[in-house]
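In: Here is a sequence together with a model predicted from it:
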Amino acid sequence: MNRIVHRGTLALACIALLGGCSEKASLDPAQQSGSAPPLPEARHFMVPPMQVPEGVGWKQGQAPTVPAGLRIEKIAGDLAHPRQLLVLPNGDVLVVEANGPGSEPVTTPKQLVAGMIKSRSGKAAKGGNQITLLRRAPGADGEWEKHVFIEHLHSPFGVQLIGDTLYVANTDSLVKFPYRSGETRIEVSGEELADLPGSIEHHWTKALLASPDGSKLYVGVGSNSNITENGLAVEYRRATVLEVDVASGASRVYASGLRNPTGLQWEPQSGRLWAIVNERDEIGADLVPDYLTSVQEGGFYGWPYSYFGKHVDSRVKPERPDLVEKAIVPDYAIGSHVAPLGLWFYTGDALPAKYRGGAFIGEHGSWDRSPLSGYRVSYVAFRDGKPVGTPEAVVTGFHSSDEKQLYGAPVGLAQDNEGALLIADDVGNAVWRVTADAR
């Protein structure tokens, strides 16, 4: 019996792979950027088309590509699935190493096939469930010192420092640790401040951002499904941005209908909260564009009932025309299936002046689009607090030119104390640093 099931699984996997080759995107991702992207008719599949390169990592001396005028270097390697970064006031850099807890049940052949194929990329590799501290030795070049800073976490993702307290968003709880500048390890166990939606963990990441005054923490919580196939009951407080009171741990839904808000930042000119959001899958290579948007208090952004405003998703039952009518159109599409996982508004001086004030986005890359999309760090210019133009590719070269091999995949972004852009790479298990080329 087991042999029969195994053969059936392999057969389905082959079907999925073939489907990925036959279903090609008709739009370039750049065509689907901006405030009014073209949205073709939705498609429906027994098994969604997939194209997933094989994760091979970086060879010795190999690195991502940057345009003329920029320089990139590796400051840390041999990490265990680095996902997010936080630069501390003294210049140390915290690297969150994690992957999902693996608690999502497989209930359909489609899920089984998708899981097998996506695992080829290296994105499903085991995470460290820890935070590593990087420290640059004075005057030293090359990789920075590495210190295991916090261990025994539970699929952590977001991390923030408020005063002398470090907050870490595990997949099911928000915990806090005492922090002293200069220390290279925290031995004490974290104290729970608030629980976070756990259970199935279809989307396990919990993005984290402190308010400017340090009184609140904002948590990006992804949905527990693609489009409610696991039932509505498990979507309680999901597909939301939660606001947590730091003093009491009490929380409320700040905004909803955001399928998977994986990065939160304050836009420097307006001071408004912005997010990157991974939209739904399985209705075509050109649907639905992931997006960058301001997040309105009390706002509803469509999931699961509609996308990009009032475009109804007919797969979702029962329908909710009342909620569709309220759905806010996101500010800016960044292309279908680019999978944004990192957001940073740049305010430094170590990069050319044209990047100041705009948003860098870590595009983790597609699994259900051919040709591939994402797998790069892009830049979106802002004017008067709003995105303008089309995304510019800044850091590329994460996969081979024939799209068969994957060297790395960008996730979280940060800006170090010298103004350099830092990139967490969870497939390459590295942290990269981008500066202006002094030559």
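Out: Done, it's in.
In: got a list of what the nearest residue to Asp349 once chain neighbours are set aside touches?
Out: Leaving aside its sequence neighbours, Asp349 sits nearest to Gly419 (C-beta to C-beta, 6 or more residues apart in numbering; 4.8 Å). Backbone N, C-alpha and C define where each C-beta goes, glycine included. By C-beta atoms under 8 Å, 6 or more residues apart in numbering, Gly419 lies in contact with 348-351, 435.
In: Pro156 now?
Out: 96, 98, 129-131, 168-171.
In: go again using 7 Å as the cut-off
Out: Pro156 makes contact with 96, 98, 129, 131, 168-170 under the criterion C-beta atoms under 7 Å, 6 or more residues apart in numbering.
In: ok, of the contacts of Gly419, which one's closest to Lys216?
Out: Gly348 (25.4 Å; C-beta to C-beta).
In: The closest one and Gln415, how far apart?
Out: 5 Å (C-beta to C-beta, to the nearest Å).
In: Give me the subset of the contacts of Pro156 lying in helices.
Out: Under the assignment DSSP state H, these contribute nothing to helices.
In: Regarding this structure, what is its longest strand?
Out: Using DSSP state E, we find that the single longest strand of the chain is strand 386-395.
In: Check what contacts the next helix or strand after it and list those residues.
Out: Sequence-wise, the next helix or strand downstream of strand 386-395 (DSSP states H and E) is strand 405-406. Strand 405-406 is touched from outside by 53-56, 121-122, 398-399, 427, with contacts defined as C-beta under 7 Å, 6+ apart.
In: most surrounded residue in the residues you listed?
Out: Neighbour count (other C-beta atoms under 10 Å) singles out Val427 as the most crowded of the contacts of strand 405-406, with 27 neighbours.
In: mind checking pLDDT for the residue positioned nearest the centre of the chain?
Out: The centroid of the chain falls nearest to Leu341 when counting by C-alpha atoms, centre = their mean (1.6 Å). At Leu341 the predicted local confidence, pLDDT, stands at 98.
In: shouldn't it be in contact with Gly374?
Out: No: look at Leu341 against Gly374 with C-beta atoms under 7 Å: they stay out of range, at 9.4 Å.
In: Please identify every residue contacting each of these two.
Out: In contact with both Leu341 and Gly374: His364, using C-beta under 7 Å, 6+ apart.
In: Show me where the stretch 301-439 of the chain dips below the pLDDT cut-off.
Out: For the stretch 301-439 of the chain, the stretches with pLDDT under 70 are 439.
In: Number of residues surrounding the residue nearest to Thr132 when sequence neighbours are not counted?
Out: Nearest non-adjacent residue to Thr132, counting by C-beta to C-beta, 6+ apart: Val95, 4.7 Å away. The number of residues packed near Val95 is 28, by other C-beta under 10 Å.
In: could you pull out the helices for the stretch 101-250 of the chain?
Out: For the stretch 101-250 of the chain, the helices defined by DSSP state H, counting those that start in this stretch cover 109-118.
In: May I ask you to confirm that Lys126 is in contact with Asn99?
Out: Yes: using C-beta under 7 Å, Lys126 is in contact with Asn99, at 6.2 Å.
In: Now do the shared contacts for these two.
Out: What both Lys126 and Asn99 touch, as defined by C-beta under 7 Å, 6+ apart, is the set His81.
In: Please identify which of the two sits among more neighbours.
Out: More neighbours surround Asn99 than the other of Lys126 and Asn99, with 20 against 11 (other C-beta under 10 Å).
In: ok, back up a step: is there a quick ChimeraX command that grabs whichever of the contacts of Gly419 are buried?
Out: To isolate in ChimeraX the members of the contacts of Gly419 that are buried, counting by 16 or more other C-beta atoms under 10 Å, one can use:
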select :350,351,435
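In: now the strands for the stretch 201-350 of the chain?
Out: Taking DSSP state E, counting those that start in this stretch as the test, the strands found in the stretch 201-350 of the chain are 206-210, 216-221, 240-245, 251-256, 261-266, 273-277, 289-294, 306-307, 311-312, 332-336, 340-345.
In: Please work out which of these is packed deepest.
Out: Most buried of the strands of the stretch 201-350 of the chain, by mean neighbour count (mean count of other C-beta atoms under 10 Å): strand 332-336, with a mean of 27.
In: what sits up against that one?
Out: Taking contacts as C-beta under 7 Å, 6+ apart, the residues outside strand 332-336 that touch it are 29, 32-35, 37, 285-293, 340, 361, 369, 373, 380, 387, 391.
In: and those residues, which are buried?
Out: Buried subset of the contacts of strand 332-336 (neighbour count, 16+ other C-beta under 10 Å): 29, 32-34, 37, 285-293, 340, 361, 369, 373, 380, 387, 391.
In: so which of the contacts of strand 405-406 comes closest to Leu209?
Out: Val427 (24.9 Å).
In: That closest one touches Glu54, doesn't it?
Out: No: using C-beta under 7 Å as the test, Val427 is too far from Glu54 to be in contact (10.5 Å).
In: Am I right that the residue nearest to Asp349 is in a helix?
Out: No: counting by DSSP: H, G, I helix; E, B strand; the rest coil, Gly419 is not part of a helix but coil.
In: For Val434, see how far away it is.
Out: Going from Gly419 to Val434 by C-beta to C-beta gives 10 Å.
In: just Asp281 next, same as before
Out: For Asp281 relative to Val434 (C-beta to C-beta), the value is 30 Å.
In: mind listing the strands for the stretch 51-200 of the chain?
Out: Under DSSP E, counting those that start in this stretch, the stretch 51-200 of the chain gives strands at 54-55, 70-76, 82-87, 93-97, 130-135, 145-150, 158-162, 165-169, 173-178, 191-195.
In: Now distance to His44 and mean pLDDT too, for the ones you listed, in CSV please.
Out: Below are those laid out as CSV (distance: least, C-beta to C-beta, whole Å; pLDDT from 0 to 100):
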stretch, distance to His44, mean pLDDT
strand 54-55, 28, 96
strand 70-76, 41, 98
strand 82-87, 32, 98
strand 93-97, 37, 98
strand 130-135, 42, 98
strand 145-150, 45, 98
strand 158-162, 35, 98
strand 165-169, 35, 98
strand 173-178, 37, 98
strand 191-195, 37, 98
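In: Looking at those, which is nearest to His311?
Out: The nearest among the strands of the stretch 51-200 of the chain, by C-beta to C-beta, is strand 158-162 at 29.8 Å.
In: so what strands line up beside that closest one?
Out: strand 165-169 (antiparallel) (DSSP bridges).
In: Can you give me the buried ones in the partner strand?
Out: Buried-residue list, strand 165-169, by 16+ other C-beta under 10 Å: 166-169.
In: I'd like these as TSV, with distance to His147 appended.
Out: Formatted as TSV, these follow (distance: C-beta to C-beta, whole Å):
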residue	distance to His147
Leu166	14
Tyr167	20
Val168	16
Ala169	21
